[in-house]
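K.L.:
fold the following, please.
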Amino acid sequence: MPPSREQEMQAEILRLRQALEYSELRNEALNEVLKIGREEYGVDLLKKAGAKQ
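P.N.:
Alright, predicted model coming up:
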């Protein structure tokens with residue numbers, strides 16, 4: 001028997017929650033890398049990202 005519409009929606013909600021959790025963790029990790037770069041190496045990558053050379 002194929003999954004019901006409600007089951008499909010629940011599965012999609014679970015998938016989206018997992019994707020959001022992954023994205024939040026990735027964002028935290030990238031922010032930590034930027035913080036380390038700033039503190040350890042004196043490089044602010046956010047400011048340099050938009051600068052023209």
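K.L.:
remind me which helix or strand Glu40 belongs to.
P.N.:
Element membership for Glu40 (DSSP states H and E) is helix 5-41.
K.L.:
next, the buried residues of that helix.
P.N.:
Residues of helix 5-41 include none that count as buried (16 or more other CB atoms under 10 Å). The way it works is simple: take the backbone N, C-alpha and C, and place the C-beta from them, glycine included.
K.L.:
helices or strands up against it?
P.N.:
Contacts defined by 3 or more CB pairs under 8 Å, 6 or more residues apart in numbering; DSSP states H and E place helix 5-41 against helix 45-49.
K.L.:
now the helix holding Glu40: how far from the chain's centre is it?
P.N.:
With CA atoms, centre = their mean, to the nearest Å as the basis, helix 5-41 stands 4 Å off its chain's centre.
K.L.:
could you do stretch 32-48 as well?
P.N.:
Relative to its chain's centre, stretch 32-48 lies at 18 Å (CA atoms, centre = their mean).
K.L.:
low-confidence stretches in this structure?
P.N.:
Residues of the chain that meet the criterion pLDDT under 70 lie in 48-53.
K.L.:
mind redoing it with 80?
P.N.:
Filtered on pLDDT under 80, the chain yields the residue ranges 46-53.
K.L.:
how about the CA coordinates for stretch 21-34, as PDB?
P.N.:
Written as PDB, here are the backbone C-alpha positions of stretch 21-34 (Å, rounded to 0.1, in the frame of the first residue of the first chain):
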ATOM      1  CA  GLU A  21      19.800  21.200  11.600                       C
ATOM      2  CA  TYR A  22      22.600  20.400   9.200                       C
ATOM      3  CA  SER A  23      22.600  23.900   7.800                       C
ATOM      4  CA  GLU A  24      22.600  25.400  11.300                       C
ATOM      5  CA  LEU A  25      25.600  23.200  12.400                       C
ATOM      6  CA  ARG A  26      27.500  24.100   9.200                       C
ATOM      7  CA  ASN A  27      26.800  27.800   9.800                       C
ATOM      8  CA  GLU A  28      28.200  27.500  13.300                       C
ATOM      9  CA  ALA A  29      31.300  25.700  12.100                       C
ATOM     10  CA  LEU A  30      32.000  28.300   9.400                       C
ATOM     11  CA  ASN A  31      31.500  31.100  11.900                       C
ATOM     12  CA  GLU A  32      34.000  29.400  14.200                       C
ATOM     13  CA  VAL A  33      36.500  29.200  11.400                       C
ATOM     14  CA  LEU A  34      36.000  32.900  10.700                       C
END
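K.L.:
thank you kindly, that will do.
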